[in-house]
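Q: the amino acid sequence is not available; the structure is as follows:
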């Protein structure tokens, strides 16, 4: 017999996608669905409707991390030099490389990293082109782009430090130093 407050996996996925979108986070639906199904398998779920309390726990767990969208209207853009722009581009490219290398391990987290890196790289490229068109080497980045870049780099570090991501093909000390230096440059404290 179906529980009156139970939810189907499709309904849980729809709620998560909507809440993530409200937080300015975009994750492909198949990633969320795979992650929900994996979480339910760990609970020995039979594939039927999910009890309301478990559904709410899953939704809250997948949507945590961003509590509110920040208002950037009173914040000035950051000004990066050519060297700083290059360092940020290198870190974002390395973030994509490390995340893609671990796709089979942690698809939801990797999708968030890839999405954040892509958004930051697009904004960084547009800002670099604007600087070139103006005849200057000062690249202006919005607070939202800086926040996305910080979140992306921190997410990769968390993957390497806390989630068992593989990066044996890279110089571990050099990778950590690059990410730490970029986070310091962006005004973030690297996680320890």
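A: Noted; the coordinates are in hand. Note that the coordinates shown come from a computational prediction; the quantities given were computed from them, not determined experimentally.
Q: now the element after the lowest-mean-pLDDT helix or strand in the chain, going C-ward?
A: Using mean pLDDT, DSSP states H and E, helix 29-42 stands out as the lowest-scoring helix or strand of the chain, at a mean of 79. Next helix or strand after helix 29-42 toward the C-terminus (DSSP states H and E): helix 52-63.
Q: that next one vs helix 29-42, what angle?
A: 130 degrees (axes from the mean of the first three to the mean of the last three C-alpha atoms, to 10 degrees).
Q: so which other helices or strands are in contact with helix 52-63?
A: In terms of contacts (3 or more C-beta pairs under 8 Å, 6 or more residues apart in numbering; DSSP states H and E), helix 52-63 is packed against helix 9-22, helix 29-42. Bear in mind the C-beta positions are built from the backbone N, C-alpha and C, glycine included.
Q: identify the residues contacting that helix?
A: 3, 5-7, 11-12, 15-16, 19-20, 23, 32, 35-36, 39-40, 43, 50, 108 (C-beta atoms under 8 Å, 6 or more residues apart in numbering).
Q: residue ranges of the helices in the chain, please?
A: 9-22, 29-42, 52-63, 82-101, 107-134, 143-162, 172-185 (DSSP state H).
Q: now do the second one: which elements does it pack against?
A: In this case it means helix 29-42. Judged by 3+ C-beta pairs under 8 Å, 6+ apart, helix 29-42 is in contact with helix 9-22, helix 52-63, helix 107-134.
Q: and the fourth one, by the same measure?
A: Of the remaining helices and strands, those touching helix 82-101 by 3+ C-beta pairs under 8 Å, 6+ apart are helix 107-134, strand 139-141, helix 143-162, helix 172-185.
Q: pull the distance from stretch 133-146 to the chain's centre.
A: Stretch 133-146 sits 22 Å away from the centroid of its parent chain (C-alpha atoms, centre = their mean, to the nearest Å).
Q: nearest to residue 99, of the helices and strands packed on helix 82-101?
A: Smallest distance to residue 99 across those (C-beta to C-beta): 4.0 Å, for helix 107-134.
Q: of all the residues in the closest one, which ones are buried?
A: Neighbour counts over helix 107-134 (16 or more other C-beta atoms under 10 Å) mark 107-117, 119-121, 123-124, 127-128, 131 as buried.
Q: gap between stretch 174-181 and the chain center?
A: 18 Å.
Q: please name the nearest non-neighbouring residue to residue 33.
A: Closest residue to residue 33 apart from its sequence neighbours, by C-beta to C-beta, 6 or more residues apart in numbering: residue 13 at 5.1 Å.
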